[in-house]
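Engineer: Give me a 3D structure for the following:
(chains A, B and C)
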Amino acid sequence: MDILEGLNPAQRQAVETPEGPLLILAGPGSGKTKVITHRVAYLIKAWGISPYRIMAVTFTNKAANEMRERLHQLLGQRAEELTLGTFHAICARFLRRDGQEIGIDPHFVIYDEEDQLNLLKRALQDLDLDPRYYNPKALGSAIRAAKARLIGPEDYARQVTSYRDEVVRRVYGRYQELLAQSRALDFDDLLMEAVRLLRQPRVLAKYQSRYLHVLIDEFQDTNIAQYVLAKQLAGQHRNICVVGDPDQSIYSWRFADLRNILNFEKDYPDARIALLEQNYRSSKAILELASHIIAANKERKPKGLWTENEVGLPPTVAEVYDEQEEAQFVARQVESLAREGFAPGDCAVMYRTNAQSRVLEETFVRYGLPYKLVGGTRFYERREVKDVIAYLRLIVNPDDNISLLRVINTPPRGIGQRTVAELSRWAQARELSLYQALKQLAEGERDSGPFTARTRHDLNSFLSLVEGLAAQGQELHLHDLIQVVLERSGYKEYILNEPDGEDRWDNVLELCTLAQEYQHLEPGEGLTSFLEGVTLVSDVDSLDEKVNAVTLITLHQAKGLEFPVVFIVGLEEGVLPHIRSFDDPAQMEEERRLCYVGVTRAKRRLFLVRALRRSLAGLSGANPPSRFLLDIPPSLVSSAPSGLGVPEPKVLTPAPAPSLPHIRAGDRVRHAKFGEGVVVSCQPSRDDQEVTVAFAEAGVRKLLLSLAPLEKLG
DNA sequence: ATCGATAGAGTTTTT
DNA sequence: CTCTATCGAT
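Structural biologist: Model (predicted):
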């Protein structure tokens, strides 16, 4: 059978074993995604199983899309019938379809972490607890921890043993009430409620009999709720196939539980185990270095990873002075790698924390190197984008209090803090959503609540706005609907008059463009799926490999990706490993796994960079090299030339080359990236020159003459 | 109610 | 350092 071609014996076994529980332990680069994909194809083609009866769970939407695309090639149209997605997306689907069985409205909205935090603050208010003393973030974390372990508010009440628990219990309870009032579910509810849904015998029977096969990727990063869900779904046919690598478990802070993978054999004593140990990704040199790094972990089973790939060049360890030099080192390496045939798009820079991306970005701009940043402030979390989404959510579900509060005075329409506080109190006394309260106030002629005539008028016109938009929601296609929202709410005019209005409006337009993809759906349906897509996407999902630019990415997000050239920066004590892991050996092992994940992304070239000094949040400090670096035998690496200990730092901050054009204010210049512009001013700085250029397209920029690819125009 | 300024606090990773 | 929250002035 053609599907089995090109698989090694271990992969083949994993694909061919048709029945019963199967645990695939797969090292990095061993083709585990390929195995899952081919297994699905094989089940359908060789065993005649309907794709309708197969579920495959991935860690990101991107992985799901790629798998669907691949299966489309192998199977054609039938691939569409598969249940394929992240746990969260699949659960949302179940709950929209059958949630009514357990009292969940099919039009529920999904709250992200910001929404959750806002709601938590309201819960604290309701309970008269001071948010400065009871940290909302910590409470949110405690609640998420409970939910990930399927501990509902009632269960939580039974296990209270401290005053802190008691506070959590009360906040948790009120928080859930407020969620219900808004007809909203948070991320963890999606899983917890799906489990509850499947505890209904009728529903369970329906799904259990449907899913003949359940496959789960990245199993090492699942939590208890996800584990239970998988167990429920596979309960009848027991064809559950999980793929994972304990050495790449890096999400314990999201309550992923390694016991899922370690206990799999206990839960399924008849489980077969397949080991995938041949690496197809990395050079021998890189793989050997990776093995040394991970070997220092105590809580692990040793693996015998090997590869037939060439030895390759030894990875480079570079020591630089500070983060500026670090960024320059990376930029110059990327430039010189071009001479070896590596394009910018072949390179990725990985770091522990998002804050580290900034210097890299600035430096790349100065060097005129193209880059793409994954993450940072995410698109859907931008204020203006969330504002528009809030309006759209209200159309689907006007009871969504958090969205209503977000836009009730955005743009300003005379409804200030005071009014909002009064309205909330009035609504809460009656256990009404804010929208319902507005409606009752508008209808009740006598009971005007605590409001003056003028305030009532303002509130009423906001209510009319929402109701008017809601009426349109049934009629208009998504794109037109958004236009109507932007016009009628006054948001367009408002945002354009804000600081950075143009940029922020561009983001709104970007959102409109994304909405186009839902244009083929019916009005109501298009809106619902758009909103769901918007909340459940991640940044990695939109990573475009086709653009030829260096990828800047966190180590966490890099999981599952691969690049010909990888730089890992910030290999210092306190950064990687992060300082918050110092007092917990388990967390320290996770930091090491994180480092291992980064290293094993590299195919051919690997650079490990460490800075002697680094300033974080304004303070600069000297850090010792990362302990992970010390675990690498020196014979495995080559050292890059660096400024450390060298009296002249010129190696890393070059003076302007003599061939550089002499530039004065008023000159016309061309920049590789920004296009043409006029020099506004020149200022000498040390042995360099700082020029300010007004570009026709890119606006006013400050550039260092030595670094910027500037060309003087006649 | 709205705007602006100033003080203060928080900085890991994200479906 | 940067973003947020709160305060005071208009």
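
Engineer: Near DNA strand B, which residues of the stretch 301-450 of chain A? Just list them.
Structural biologist: A:352-355, A:375, A:409, A:412-419 (CB under 7 Å from any atom of the strand). For the C-beta atoms, the positions are set from N, CA and C on the backbone; glycine is no exception.

Engineer: Of those residues, keep whichever come out buried.
Structural biologist: In those, burial by neighbour count holds for A:Arg352, A:Asn354, A:Gly375, A:Asn409, A:Arg413, A:Ile415, A:Thr419, counting by 16 or more other CB atoms under 10 Å.

Engineer: and the two most separated of the residues you listed?
Structural biologist: Maximum pairwise distance in these, criterion CB to CB, is 44.5 Å, between A:Arg352 and A:Thr419.

Engineer: Buried residues, the lengthiest helix in chain A. List them.
Structural biologist: Longest helix in chain A, counting residues (DSSP state H): helix A:453-473. By 16+ other CB under 10 Å, the buried positions in helix A:453-473 come out as A:Thr455, A:Asp458, A:Leu459, A:Phe462, A:Leu463, A:Leu465, A:Val466, A:Glu467, A:Leu469, A:Gln472, A:Gly473.

Engineer: export the residues you listed to a markdown table and tack on distance to A:Met192?
Structural biologist: Formatted as a markdown table, the buried residues of helix A:453-473 follow (distance: CB to CB, whole Å):
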| residue | distance to A:Met192 |
| --- | --- |
| A:Thr455 | 40 |
| A:Asp458 | 39 |
| A:Leu459 | 36 |
| A:Phe462 | 34 |
| A:Leu463 | 34 |
| A:Leu465 | 35 |
| A:Val466 | 30 |
| A:Glu467 | 33 |
| A:Leu469 | 32 |
| A:Gln472 | 34 |
| A:Gly473 | 29 |
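
Engineer: These: which ones sit near DNA strand B?
Structural biologist: Restricting the buried residues of helix A:453-473 to those touching DNA strand B (CB under 7 Å from any atom of the strand) yields A:Thr455.

Engineer: What is the nearest of the buried residues of helix A:453-473 to DNA strand B?
Structural biologist: A:Thr455 (6.4 Å; CB to the nearest atom of the strand).

Engineer: Quick check: the gap between the residue lying closest to that closest one once chain neighbours are set aside and A:Tyr133.
Structural biologist: Among residues not flanking A:Thr455 along the chain, A:Thr419 sits closest, at 5.5 Å (CB to CB, 6 or more residues apart in numbering). Separation of A:Thr419 from A:Tyr133 (CB to CB, to the nearest Å): 27 Å.

Engineer: Get me the contact residues on chain A for DNA strand B.
Structural biologist: Residues of chain A lying near DNA strand B (CB under 7 Å from any atom of the strand): A:59-60, A:86-88, A:112-113, A:135, A:137, A:187, A:253-254, A:352-355, A:375, A:409, A:412-419, A:455, A:536, A:538-540, A:554, A:556-557, A:578, A:580-581, A:616-618.

Engineer: when you check these against the helices, which ones overlap?
Structural biologist: Taking DSSP H, the ones among the residues of chain A next to DNA strand B that sit in helices are A:Phe87, A:His88, A:Glu113, A:Lys137, A:Phe187, A:Gln417, A:Arg418, A:Thr419, A:Thr455, A:Leu536, A:His556, A:Gln557.

Engineer: who's in contact with the residue lying closest to the fourth one once chain neighbours are set aside?
Structural biologist: Of all residues not flanking A:Lys137 in the chain, A:Leu117 sits nearest, at 6.9 Å (CB to CB, 6+ apart). Applying CB atoms under 8 Å, 6 or more residues apart in numbering, one finds that A:Leu117 lies in contact with A:Pro136, A:Lys137, A:Gly140.

Engineer: For burial, what's the neighbour tally of the first one?
Structural biologist: Same thing as A:Pro136. 20 (other CB atoms under 10 Å).

Engineer: Contacts only, for it.
Structural biologist: A:Pro136 is in contact with A:Leu117, A:Leu120, A:Lys121, A:Leu124, counting by CB under 8 Å, 6+ apart.

Engineer: Which two among the residues you listed are spaced furthest apart?
Structural biologist: The span of those, defined through CB to CB, is set by A:Leu117 and A:Leu124 at 10.7 Å.

Engineer: tell me the SS of A:Glu711?
Structural biologist: The three-state label for A:Glu711, taken from DSSP: H, G, I helix; E, B strand; the rest coil, comes out as strand.

Engineer: and it, how far is that from A:Asp458?
Structural biologist: For A:Glu711, the distance to A:Asp458 - CB to CB - is 57 Å.

Engineer: Show the model's pLDDT score for the closest residue to A:Thr410 other than its chain neighbours.
Structural biologist: What sits nearest to A:Thr410 in space, not counting adjacent residues and going by CB to CB, 6+ apart, is A:Asp387, at 5.8 Å. Here, the pLDDT recorded for A:Asp387 equals 87.

Engineer: what helix or strand does A:Asp387 sit in?
Structural biologist: Using DSSP states H and E, A:Asp387 falls within helix A:383-396.

Engineer: Ends of stretch A:312-321, what's the gap?
Structural biologist: End-to-end distance of stretch A:312-321 (CA to CA, to the nearest Å): 28 Å.

Engineer: If you check the stretch 151-300 of chain A against DNA strand B, which residue is the closest one?
Structural biologist: Taking CB to the nearest atom of the strand, DNA strand B has its nearest neighbour within the stretch 151-300 of chain A at A:Trp253, 3.8 Å off.

Engineer: swap that for the stretch 251-400 of chain A, sorry
Structural biologist: Nearest residue of the stretch 251-400 of chain A to DNA strand B: A:Asn354, at 3.2 Å (CB to the nearest atom of the strand).

Engineer: So that residue sits against A:Leu555, correct?
Structural biologist: No - the pair A:Asn354 / A:Leu555 is not scored as a contact, 10.9 Å apart, by CB atoms under 8 Å.
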